[in-house]
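Asker: Turn this into a structure:
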Amino acid sequence: MQDEPNEPFEIEGQWVIVNDTDYKNDIFFDFRQSESSLALTVLGKETKLQNFREQGNQLIFTYKIPGEEPFNVLLTKLANDRVKFSQVNYAINDFHPVGRLGEKVFHMQKVTEGEPAFIASRSSQK
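Answerer: Residues are numbered from 1 along each chain as shown. Presented below is the predicted three-dimensional model:
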């Protein structure tokens, strides 16, 4: 599998998880430009996006859903509008391979026009 994208990478848009049965076909991340900053919705919930950093083919950011603990995300860009990421509840300070610390790794595909509709959020059964 190629870990370096061949074409320019644009994080803005909707991303669905493709390797986890609990979230398969859910719109997990929805990044959109909001005035002068990037806004993020996670599983249909608005978040406060914090500490967004980029280095090479990786991103580190923190998001917080009101009333919940913050999540820290390490994301690696792959080819063909794909990414892999992990999210943890402890601080991620350095860039390193996703999954190196034993955390669960999710794979996502960017939603493109003309694809079937996906689930934007789930009921509170989780």
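
Asker: For the helix or strand where L38 lies, output the C-alpha coordinates as PDB.
Answerer: According to DSSP states H and E, L38 maps onto strand 37-42. Output of strand 37-42 as PDB, limited to C-alpha atoms (Å, rounded to 0.1, in the frame of the first residue of the first chain):
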ATOM      1  CA  SER A  37     -11.100  28.700   9.900                       C
ATOM      2  CA  LEU A  38     -11.700  25.000   9.400                       C
ATOM      3  CA  ALA A  39     -14.800  23.600  11.200                       C
ATOM      4  CA  LEU A  40     -15.300  19.900  12.100                       C
ATOM      5  CA  THR A  41     -18.400  17.700  12.700                       C
ATOM      6  CA  VAL A  42     -17.800  14.200  14.100                       C
END
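
Asker: That strand: how far from the chain's middle?
Answerer: Relative to the chain's own centre, strand 37-42 is displaced by 10 Å; criterion: Cα atoms, centre = their mean, to the nearest Å.

Asker: Report the mean per-residue pLDDT for that strand.
Answerer: Model confidence over strand 37-42, given as mean pLDDT, is 91.

Asker: ok, that strand: who's next to it in the sheet?
Answerer: Partners of strand 37-42 in the sheet, by DSSP bridges, are strand 27-34 (antiparallel), strand 45-46 (antiparallel).
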